[in-house]
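K.L.:
Provided below for reference: sequence and predicted model.
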Amino acid sequence: MKIRIKFKKFGSMKFLGHLDVMRFFQKALRRAQLDICYTGGFSPHPVMSFASPLGVGLTSDGEYLDIEVNSCGSSAEMVERLNEVMVEGVEIVSFRILPNKMKSAMSQVAAADYRLTFRPGYEPGDWHLWEEKWREFASLPSLVVVKKTKKKEQEADLRPLIHSLSLDSAGISMRVAAGSVNNLKPEFLMETFYHMAGWEWNPFTFQIHRQDLYMENNGVFVSMEEAGQEIDRPLAGEAMG
Amino acid sequence: MRKLALSDEILLTIEKPARYIGNEVNAAMKDKNAVDVSFVMCFPDVYEIGMSHLGIQILYDMFNRREDVYCDRVYSPWIDLDRIMRKEHIPLFAVESQAPVKSFDFLGITIQYEMCYTNILQILDLSKIPLLAKDRTEDDPIVIGGGPCTYNPEPIADFFDLFYMGEGETQYYPLIDLYKEHKKSGGSRIEFLEKAAELPGMYVPSFYETEYNEDGTIKRFYKTNPHAKDTIVKELVVDMRDTYYPEKPVVPLIKATQDRVVLEIQRGCIRGCRFCQAGMIYRPVRERDVEFLKERARTMLANTGHEEISLSSLSSSDYSCLEELVTFLIEEFQDQRINISLPSLRIDAFSLDVMGKVQDIRKSSLTFAPEAGSQRLRDVINKGLTEEVILEGAAMAFQGGWNRVKLYFMLGLPTETEADMRGIAELSDKIARRYYEIPKDQRNGRVQIVASSSFFVPKPFTPFQWAPMCTKEEFLNRARVVNHACREQLNHKSIKYNWHEADVTVLEGVLARGDRRVAPVIMKAYEKGCLYDAWSETFHNDLWMEAFDECNVSIAFYNNRERDVNEILPWDFIDTGVTKAFLKREWKNAQEGKVTPNCRQRCSGCGVMRFEGGICVENKN
């Protein structure tokens, strides 16, 4: 049975990189004594797939991890059991069963919502100017940047990767493309903005918080969590169509 | 939520920020202000190394079982953070509470190898605790040292208020109680140290002085405070069936060197190899109960979620219930996809059988530690392994499909001749020949033999404590002899020979057998920027050599002369249970190439019988 786990990552755990988060969950799944499916070989490890690695320093309310189990309890029970073995800074939000034929979390991701707030000490000196430049930037019909890869430099338009942008008195909210096909990192977008405004970019300017990850369903963005169904009774070896 | 000691900007600039955030699974996370005594336990090396140390896990758990005590942890900041902390004047902090190290009642430092001495100074310095114990005030924690290097604490004696000699399980509770009482009554630092000095196993270096002869040897080592003891008898757990062992070890958030459950199956070793300090200072051998170990294996795996379990001891093959324990681990945990990681076992039918079950033969290698190339020299060092046993073990393994062999040797052992050196190459070749005796269609490609040698460092409390050590040049000459001999062998293409750095060995020699006059050199080297000397990329031999020159301290005096058996040694005031008479006897036996039987074969009267524990009492029954 395929299971999708949604979790939050916050506090000091934001300093834990993706590989260590994977290791953390491998051990946590064992501590919670989940009846999990393993890969073969001399060093078997749980079948695990993360939707989208979260950069070091970012916090999130919507991280996803798909696993496979032979049996499990109800969603409520499993969420509780998992939360008992977490540390401060990782919280399990949901535990849902996926249809058997569901694509991996990684290949489903299409977009992400981010909330950016100024780190104390990095607020703009002149708010009006900042806002003015931002509105200018946000309304540009295209945002062509040069992306450097190891081998070549390539021009790319960021604009189609931005689904929404909004500014309020406390920060910026955005929905941008995410996943393995198109991916826009919010810090890259902000860096581009600062450069276009003629300002020096400091990578510490914003605390970035991922709010959720989305898949695309007939042109509509749906939370990754929606792909799964709540489990209301213990399951063993059953499959969901 | 906890406030971290470092800003986001710093944490996101340095390598592996998770080294400094604590918050690990099973961490105690108590309120430091709600306890009577706070203790911060330090391993003076990088986090991933420090978190792998079993001793700290045991003591950390033992301390935190008490409600009136909080034990937190601290490790050496890596050089990237070190630079930032100095520049921005950030005081060193403990990882869980994020509170300054200086705000704790005790700073306990475990000292596992000599090459961490400059890291000890870094810890003190970054904590803003005076480096010298004599400069500390009532505002500073009591700095206490423990671990194997404290069996000669003299080179670092000036930096510590207190040393705990021996195994930590026995006297830490009484020490804590003493401190609690002392804190209540508002006594001074010196009053506390005087009381502590009276506890078994405690050594307060400032209560002693040394007088030297004109030739530089020690004339007299004497106490200057009536509370001090004449000799410090090491502490040990007499009954291993009734002692502390964690059920919920701390699981680091980043991959530690030892990323697994560790079961300590026994302490001490029956073998009596004459170069081995651990084999002497941890006597007598004391086994843990196999049923206890099975139960702990279950609970520790369940509580950590580790996917691997390994055994820890000086010589696991000598554990009397090894077969029962290993069989249990395989039967119980292999279905749960738990890796069983076996320590280097003596190669025999049993170990090959279990190795075949728990690892991929194609990827694993056989390990032998003959330590010396010839039988003559193996007799000198009392290493029981014979050539016949090695060749038979290898042959058996080759039949089973193995084709990789690792061999460990030492160079520079007492009485070593060119024939002994060449013996390393010859033994490697004989093993290769044994492989090629197998019919071609039954063997698995070419054999790979990797022979490695380290350079021998004489250690205190071993029969070789009087032995001269080679100079750097001599070490390298000997390595060249071996290397050359390897190339002359029939199967030279199958043999690879590696040798250790000689510079760092020379330094280890001075720090291992030095006295209080070496402390200024360590200080000077640290001031010059030496740090992480155990790491080849950060080891600066030239700075150390400058420090020796400037302090006018001779390396040759400590390393290259043979000490007279009647000379007063800097560590003579410590009593490990093993008598000096036994060590002298063994030193003589070594020179005569006489083998001493192991503790299970026959008692050789080393002296530890008086502790009335472990094998010494088993043998009587």
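P.N.:
Good, I have the coordinates. Numbers count the residues shown, from 1 in each chain, chains lettered A, B, ... in the order given.

K.L.:
helices or strands up against the longest strand anywhere in chain A?
P.N.:
If you go by DSSP state E, chain A has its longest strand at strand A:59-72. Using 3 or more C-beta pairs under 8 Å, 6 or more residues apart in numbering or on different chains; DSSP states H and E, the elements in contact with strand A:59-72 are strand A:2-9, strand A:35-36, strand A:48-50, strand A:90-98, helix A:105-108, strand A:206-217, strand A:235-236. Bear in mind the C-beta positions are built from the backbone N, C-alpha and C, glycine included.

K.L.:
The longest one pairs with which strands, and in what direction?
P.N.:
The partner list of strand A:206-217 in its sheet, established with DSSP bridges, is strand A:59-72 (parallel), strand A:109-118 (antiparallel), strand A:220-223 (antiparallel).

K.L.:
Can you give the contact residues for it?
P.N.:
For strand A:206-217, the external contacting residues (C-beta atoms under 8 Å, 6 or more residues apart in numbering or on different chains) are A:51-52, A:54-55, A:57-64, A:108-119, A:122, A:171-173, A:175, A:178, A:186-187, A:190, A:221-225, A:227, B:8.

K.L.:
ok, and what's touching the worst-scoring helix or strand of chain A on mean pLDDT?
P.N.:
Here the helix or strand of chain A ranked lowest by mean pLDDT, DSSP states H and E is strand A:144-148, holding a mean of 85. Strand A:144-148 has contacts (C-beta under 8 Å, 6+ apart) with A:153, A:154, A:155, A:156, A:157, A:158, A:192.

K.L.:
any idea how far residue B:269 is from the residue of chain A found nearest chain B?
P.N.:
Here chain A gets closest to chain B at one residue, residue A:27, 3.2 Å apart by C-beta to the nearest C-beta. From residue A:27 across to residue B:269, the span is 32 Å (C-beta to C-beta, to the nearest Å).

K.L.:
average model confidence for stretch A:50-60?
P.N.:
Averaged across stretch A:50-60, pLDDT comes to 96.

K.L.:
And it, end to end?
P.N.:
14 Å (C-alpha to C-alpha, to the nearest Å).

K.L.:
Tell me which of the helices and strands packed on strand A:59-72 sits most buried.
P.N.:
strand A:2-9 (a mean of 22; mean count of other C-beta atoms under 10 Å in any protein chain shown).

K.L.:
which is the next helix or strand following that one?
P.N.:
Sequence order places helix A:18-31 as the next helix or strand after strand A:2-9, per DSSP states H and E.

K.L.:
got the angle for that following helix vs strand A:90-98?
P.N.:
70 degrees (axes from the mean of the first three to the mean of the last three C-alpha atoms, to 10 degrees).

K.L.:
ok so, going back, to residue A:205, which of the strands paired with strand A:206-217 lies closest?
P.N.:
Across the strands paired with strand A:206-217, residue A:205 has its closest neighbour in strand A:109-118 (6.6 Å, C-beta to C-beta).

K.L.:
Close to chain B: what parts of chain A are there?
P.N.:
Proximity of chain A to chain B, by C-beta under 8 Å from any C-beta of the partner chain, involves residues A:11-13, A:15-17, A:20, A:23-24, A:26-31, A:33, A:38, A:42-45, A:56-57, A:85, A:87-89, A:119, A:203-204, A:207.

K.L.:
Quick one: buried ones out of these?
P.N.:
A:11-13, A:15-17, A:20, A:23-24, A:26-31, A:44, A:56-57, A:85, A:87, A:89, A:119, A:204, A:207 (16 or more other C-beta atoms under 10 Å in any protein chain shown).

K.L.:
All good on my end, thank you.
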